[in-house]
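Colleague: need a 3D model of the following:
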Amino acid sequence: MAADDPAARIVGRIAGLVVVAGLAVTLGAVAWWATFYGGVAGPDGHGGLAGVVRCVWSNRGACGVASGMARGAGKLAYTPTLFWLGVSLLLAGIAARLALSRRAERNG
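Modeller: Numbering: from 1, shown residues only. Take a look at the predicted model:
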């Protein structure tokens, strides 16, 4: 596809929107994680968020226990599914942008 190809421009815009959406979803997930686990760590900050950073992307071990307890108490527990959705969107958009860029370079 040539750089002035309307289809390439549309796909490029969509890819750009997917990157922005992926970034927004990922940042939203991290904010949700910080809010949820900040409350779990408590106001005194014992352990802090650094101790549960892996809970951003995983729900295993202590992360799963904390989420399960919160759900059992009727609270909205953090789930890394939203984080992985955001990362997937971000990577898909970047891959599409790179593919378009390489195709444009080859076609000159």
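Colleague: please enumerate the strands of the chain.
Modeller: For the chain, no strands are identified by DSSP state E.
Colleague: can you pull out the low-pLDDT segments for this structure?
Modeller: Applying pLDDT under 70 to the chain picks out residues 1-3, 40-47, 108.
Colleague: select the longest helix from it.
Modeller: The residue-count maximum for a helix in the chain (DSSP state H) belongs to helix 6-41.
Colleague: so which bits of it are buried?
Modeller: Neighbour-count burial for helix 6-41 flags 8, 11-12, 15, 18-19, 21-22, 25-26, 29, 32-33, 36-37, 40-41 (criterion: 16 or more other Cβ atoms under 10 Å). In short, each C-beta sits where N, CA and C put it, glycine included.
Colleague: helices or strands up against that helix?
Modeller: In terms of contacts (3 or more Cβ pairs under 8 Å, 6 or more residues apart in numbering; DSSP states H and E), helix 6-41 is packed against helix 62-72, helix 81-107.
Colleague: make it 7 Å
Modeller: helix 81-107 (3 or more Cβ pairs under 7 Å, 6 or more residues apart in numbering; DSSP states H and E).
Colleague: what angle sits between the helix it packs on and helix 6-41?
Modeller: 150 degrees (axes from the mean of the first three to the mean of the last three Cα atoms, to 10 degrees).
Colleague: got the buried residues for helix 81-107?
Modeller: Neighbour-count burial for helix 81-107 flags 82-87, 89-90, 93, 96-97, 100, 104 (criterion: 16+ other Cβ under 10 Å).
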